[in-house]
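*Asks:* turn this into a structure:
(one chain, ligands or ions: 1)
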Amino acid sequence: MKTYIVGNWKLNFNVGESSIYLHKLQKNLPNYRDIEVVVAPSLVALQPLSLQIDRHKMKLAAQNAFYRDYGAFTGEVSFAQLKGLVDYVIIGHSERRHIFGEDDKMVGKKVAAALRNKLTPILCIGETESERAFGETADVIRDQLLSGLRDVSEEEIDEVLIAYEPVWAISTTGHAKLASPDEVAEIVKLIRGTLADLYGEKTAEKIGVLFGGSVKPSNAGAYLTVPGINGLLVGGASLILNEFTDIIDVAKRVKS
Ligand code: 13P
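*Replies:* Below is the predicted model of the structure:
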């Protein structure tokens, strides 16, 4: 399986800044066959960047989309409209869930819509600090997986990536703590166990699981060597070109 290094730019960079960043990133990026480098810019930058991107070197992701293909949904953009611009869509990021009120049901519909439109969903799951403190982590993770994958068949599941992002470890929460590789390993085991229950052991092994939460060049290697981890979802560090390229270099070293 490939190793995925995904940069989630969140609400940062205008179109010009996004274009300059992409230019610099792909200029020095080798054409890695075993590492899939993906960036998720702002929606407004996707169209121009889709013309600029060298798809042999890297791919684009959207940060969100709406599950209906067209219709009276003012302000929304559909997966159908993103087809041809991006290869991946981040779905159910904790900021969507907790700031914009996306619930598990909506997240499930979005995953199904991505697959229907032949885009790879990156389904984000993760517990909050208080859920962890109350011992609810396993239930939250299982619930988010079950509802996120509710409409995903055995034939489709290897098109899905899962990103485990403990909300308390996301740098922009202001009081982020670092998740230890052991803490990550425990949840990845739970995720893989749940996937095996749903789709069988063999199929579950083919599903990519990423980790996200304050990933930096200095800790990327430790997270990438957690058993069952196939990549990283990077926020803050993906905005700094040399940090993001250092993380890609770490992935190359660790996984080869
Ligand atoms: P940070 O890497 O800034 O903690 O963000 C993680 C994240 O939310 C990526 O989707």
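*Asks:* residue 230 and residue 165, how far apart?
*Replies:* For residue 230, the distance to residue 165 under the criterion C-beta to C-beta, to the nearest Å works out to 15 Å. The C-beta positions use only the backbone N, C-alpha and C, and glycine is treated the same way.
*Asks:* between these two, which one's more packed in?
*Replies:* When neighbours are counted by other C-beta atoms under 10 Å, residue 165 comes out ahead of the other of residue 230 and residue 165, with 25 against 19.
*Asks:* for that one, give me phi and psi.
*Replies:* When quoted as degrees, to the nearest 10, the phi and psi of residue 165 stand at phi -130, psi 100.
*Asks:* same question for residue 133.
*Replies:* Torsion angles, degrees, to the nearest 10, at residue 133: phi -60, psi -30.
*Asks:* low-scoring stretches of this protein, by residue?
*Replies:* Across the chain, the ranges flagged by pLDDT under 70 are 174-175.
*Asks:* now do the helices in it.
*Replies:* Counting by DSSP state H, residue ranges of the helices within the chain are 15-28, 43-52, 79-82, 94-99, 104-116, 129-133, 137-148, 181-199, 201-204, 217-224, 241-255.
*Asks:* what about the residue in the stretch 1-150 of the chain that the ligand sits nearest to, how many neighbours?
*Replies:* Taking C-beta to the nearest ligand atom as the measure, the point where the stretch 1-150 of the chain comes nearest the ligand is residue 8, at 3.7 Å. Residue 8 has 25 neighbouring residues, counting by other C-beta under 10 Å.
*Asks:* now do the same contact list for it.
*Replies:* When contacts are counted by C-beta atoms under 8 Å, 6 or more residues apart in numbering, residue 8 touches 40, 61, 63, 90, 93, 212, 233-235, 238.
*Asks:* if we can go back for a sec, nearest to residue 34, of the helices of the chain?
*Replies:* Proximity of the helices of the chain to residue 34 was assessed by C-beta to C-beta; the nearest stretch is helix 241-255, lying at 6.6 Å.
*Asks:* which parts of the chain sit against the ligand?
*Replies:* By C-beta under 6 Å from any ligand atom, the part of the chain that sits against the ligand consists of 8, 93, 165, 170-172, 212-215, 233-237.
*Asks:* can you rerun that using 5 Å?
*Replies:* If contact is defined as C-beta under 5 Å from any ligand atom, the residues of the chain in contact with the ligand are 8, 170-171, 212, 214, 233, 235-236.
*Asks:* out of those, flag the one nearest to residue 243.
*Replies:* Taking the residues of the chain next to the ligand together and measuring to residue 243 by C-beta to C-beta, the closest member is residue 236, at 8.4 Å.
*Asks:* run a quick neighbour tally on that closest one.
*Replies:* Neighbour count for residue 236, taken as other C-beta under 10 Å: 19.
*Asks:* what's the answer for residue 57, then?
*Replies:* Neighbouring residues of residue 57 were enumerated by other C-beta under 10 Å; the total is 16.
*Asks:* that one against residue 26, yeah?
*Replies:* Yes - contact status for residue 57 versus residue 26: in contact at 5.1 Å, counting by C-beta atoms under 8 Å.
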